[in-house]
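**Student:** Sequence first, predicted coordinates after that:
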Amino acid sequence: MCGIVGYVGERQACPVIIKGLHRLEYRGYDSAGVAVMHPGGGMDVFKCKGKVSDLEHFLEGKDSAGTIGIGHTRWATHGVPNDANAHPHLSRSGKLALIHNGIIENFRVLRDALRTHGFTFRSSTDSEVLVNLIEYVRESEKCSLEEAVRVALKQVVGAYAIAVIEEGNTSRIIAARKSSPMAIGLGDGEYFLSSDAASIIDYTQDFVYLNDEELAVIEKGKPLHIMNLDGKDTPVSIQKLNLSISQLEKGGFDHFMLKEIHEQPETLEDCIRGRVIPETLEIVLSGVIENKEKFLAARRIIFVACGTSWHAALIGEHLIENMCRIPVEVEYASEFRYRNPVIFPDDIVIAVSQSGETADTLAAVELARKAGAFVYGICNVVGSSIARSTDSGTYIHVGPEIGVASTKAFTGQVTVMTMLALLVGRLRGTVEEGYYHRVAQALLELPATMREALKTADQVAALAKTFTYAHNFIYLGRGYNYPTALEGALKLKEISYIHAEGLPAAEMKHGSIALIDAEMPTVAIATLDRTYEKTLSNIEEIKSRGGKIIAVVSKGDDLVRHCADYCIEVPSTVECLMPLVSIVPLQLLAYYIATYKGRNVDQPRNLAKSVTVE
Ligand code: F6R
């Protein structure tokens, strides 16, 4: 939530920052701004409500020259999206400019204290309080800027990634983080700063990721200096980010979401490569193998996740209980962290997070670690906070997901969970060999199966036109496909703004069936599996009450046609991998309905991709 970019070096800072902000818009897009220091040392702030493109227009004809600057794209937490609340924020004297990602929880107390010292505030943000607190410390203690930032942050409760520049100093940025990501890119005599290293990959592949409660003094032409909030120097560890720029572009598709749906055969191939050995069908997940004893001794597995990742975890529950015979619980991270949960030292807690930065999931990880559990991460973003704070884990390796609605990350997460369940099941001797081989072989064939599933795109696009009128939708599924129904409903909600509810098919009769009439379409996943017949009966029940039904069915299955209004045929694979196939037409349905309704599918209203606030 909120994207921040900074630059100091010999280039013009503004174009570098604007380019980076465009790449970070997935993190928030309700206002944007930039502060640049002119060559003589004078500072200007340009900011406005709207997207980064609005900021670009705003900058036209203005003097934004300067080789040091900081920029921000916002997802509002405190205060409505308007020009005043946009970042950067200036201190009372106008000498300090700050950008901030996160939430200062004790900002009211700090603001009231500053008011007693004569400070006034132009915005409703917690961030403006912080920049003034820094200025107050700087003036009252007559200390350096980095010292003022350090002392001010010691008084802050909450989450932050910040960057501060000071009028007159054309070579130095101070940055710090706690629970919000911050990467520093190293160039030749220049530095870049970003919430997400991928956004500045055009300039460097060498990054230093700040740890929690670390502060960096970033000075042109000088070595990077990092310290903790006690003022003690900490080591600078440089990591390479191997990413190609094409992964950050739309590649001929109208939207990132459509590109990401269509690249799932390739992303799953990347996810599986080297992990399912074609010759032997052996599964190699080093995070599991190196911690074999933990998985053998596990009393219970608890998944913690949010949103789409939580849906993937529900599928993980089926996979692990079926193959490993270990009891599994799936928890909303936001509930788990505040519930005083019972955690045993022989529990394994698996945190699932595409971004690896979700605040609630990160807090759940910390809680589980404190309770002595072994914590495993399933993340996409390499080097992310969750990836770094877990004991071990597996990356899903599906490449940057830029569309705000998660698609390829979901299928990557489920694929990793399938490999994990197969491997642990084999280690524990709880998975039957024939079954193991069938699933491992199906994993190898998954890219081809996904390619086949994507052939439904034209049919789904045509169908979507028929349903743009709907105000509500119901999604039904059972067994492995119940979480698929939840995920299909979430996709539709978040990008089309149509209300949708996902249910286990048989639960309908316990209340929700009262909603059924000709205006309420139902999407039913009725592929050939052990609950197929039962789902058919559920479909009949809806049909006989006048409901319209779109059914996702196995290729060649004619039976459902008798009761469904529309059938979308998907290829068959082993039952436990069917959610990967069934979700494809549901992702496409949401996408096409949303585009026909003229929605901004990559940046839907009120959302941001990386939820780094509670
Ligand atoms: C929905 C979506 C969200 C995320 C959720 C968790 O399309 O993307 O529901 O799944 O915010 O995010 P991560 O996986 O980054 O922890």
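**Tutor:** Noted; the coordinates are in hand. Numbering: from 1, shown residues only.
**Student:** do you know how far the residue of the chain at minimum distance from the ligand is from residue 360?
**Tutor:** Of all residues in the chain, residue 307 sits closest to the ligand, at 1.9 Å by CB to the nearest ligand atom. From N, CA and C alone the C-beta is placed, and that goes for glycine too. According to CB to CB, to the nearest Å, residue 307 and residue 360 sit 10 Å apart.
**Student:** Overlap in contacts, those two.
**Tutor:** residue 611 (CB atoms under 8 Å, 6 or more residues apart in numbering).
**Student:** Which residues of the protein lie near the ligand?
**Tutor:** Counting by CB under 6 Å from any ligand atom, the chain comes close to the ligand at 306-309, 353-355, 358, 361, 405-406, 490, 494, 610-611.
**Student:** Taking those residues, please make a PyMOL selection of just the buried ones.
**Tutor:** In PyMOL, a selection of the buried entries from these looks like this (16 or more other CB atoms under 10 Å):
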select buried, resi 306+307+308+309+353+354+355+358+361+405+406+490+494+610+611
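**Student:** Now intersect the residues of the chain next to the ligand with the helices, please.
**Tutor:** Members of the residues of the chain next to the ligand lying in helices (criterion: DSSP state H): 307, 308, 309, 361, 490, 494.
**Student:** From what I see, the first one and residue 490 are in contact.
**Tutor:** Yes - using CB atoms under 8 Å as the test, residue 307 is close enough to residue 490 to be in contact (7.0 Å).
**Student:** how many other residues sit next to residue 86?
**Tutor:** Other residues within reach of residue 86, judged by other CB atoms under 10 Å, total 27.
**Student:** got the phi/psi numbers for the closest residue to residue 472 other than its chain neighbours?
**Tutor:** Leaving aside its sequence neighbours, residue 472 sits nearest to residue 499 (CB to CB, 6 or more residues apart in numbering; 4.9 Å). With angles defined as degrees, to the nearest 10, residue 499 sits at phi -70, psi 130.
**Student:** What does the pLDDT read for the residue of the chain closest to the ligand?
**Tutor:** Residue 307 carries a pLDDT value of 97.
**Student:** same deal with residue 613?
**Tutor:** 69.
**Student:** hmm, back to that, among the ones in helices among the residues of the chain next to the ligand, which pair sits farthest apart?
**Tutor:** Greatest spatial distance among these (CB to CB): 361 and 494, at 18.2 Å.
**Student:** Could you give the secondary structure assignment for residue 149?
**Tutor:** Under DSSP: H, G, I helix; E, B strand; the rest coil, residue 149 falls in the helix class.
**Student:** tell me the contacts of residue 363?
**Tutor:** 333, 337, 614.
**Student:** any idea which of those residues is closest to residue 449?
**Tutor:** Closest to residue 449, out of all of these and judged by CB to CB, is residue 333, at 30.9 Å.
**Student:** Go ahead and confirm that closest one touches residue 360.
**Tutor:** Yes - with contact defined as CB under 8 Å, residue 333 reaches residue 360; the gap is 4.0 Å.
**Student:** thought residue 426 was touching residue 436?
**Tutor:** Yes - between residue 426 and residue 436 there is a contact under CB under 8 Å: 5.8 Å.
**Student:** quick one: contacts for the residue nearest the centre of the chain?
**Tutor:** Nearest to the geometric centre of the chain sits residue 355, at 3.7 Å (CA atoms, centre = their mean). Each residue near residue 355 by CB under 8 Å, 6+ apart is listed here: 379, 380, 381, 384, 609, 610, 611.
**Student:** Narrow these to those in strands?
**Tutor:** residue 379 (DSSP state E).
**Student:** List just the nearest of the contacts of residue 355 to residue 164.
**Tutor:** When the contacts of residue 355 are compared against residue 164 (criterion: CB to CB), the nearest one is residue 610, at 22.0 Å.
**Student:** Spatially nearest residue to that closest one (excluding sequence neighbours)?
**Tutor:** Closest to residue 610 by CB to CB, 6+ apart is residue 355, at 4.2 Å.
**Student:** Also residue 267?
**Tutor:** Closest to residue 267 by CB to CB, 6+ apart is residue 398, at 3.8 Å.
**Student:** Go ahead and confirm that neighbour touches residue 408.
**Tutor:** Yes - counting by CB under 8 Å, residue 398 does reach residue 408; the two are 4.7 Å apart.
**Student:** quick one: low-confidence parts of the chain?
**Tutor:** The chain contains residues with pLDDT under 70 at 613.
**Student:** Could you spell out which stretches of it belong to which domain?
**Tutor:** Domain segmentation of the chain under automatic domain parsing yields 3-247, 249-431, 455-596.
**Student:** Dump these to a markdown table, plus distance to residue 445.
**Tutor:** Listed next are those as a markdown table, based on distance: least, CB to CB, whole Å:
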| stretch | distance to residue 445 |
| --- | --- |
| domain 3-247 | 25 |
| domain 249-431 | 10 |
| domain 455-596 | 7 |
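**Student:** and of those, who's closest to residue 447?
**Tutor:** Checked against CB to CB, the stretch from these lying closest is domain 249-431, at 4.2 Å.
**Student:** got the end-to-end distance for the closest one?
**Tutor:** 42 Å (CA to CA, to the nearest Å).
**Student:** do the same with stretch 567-577
**Tutor:** Span of stretch 567-577 from end to end, CA to CA: 20 Å.
**Student:** got it, and stretch 450-459?
**Tutor:** 16 Å.
**Student:** With that, I have no additional questions.
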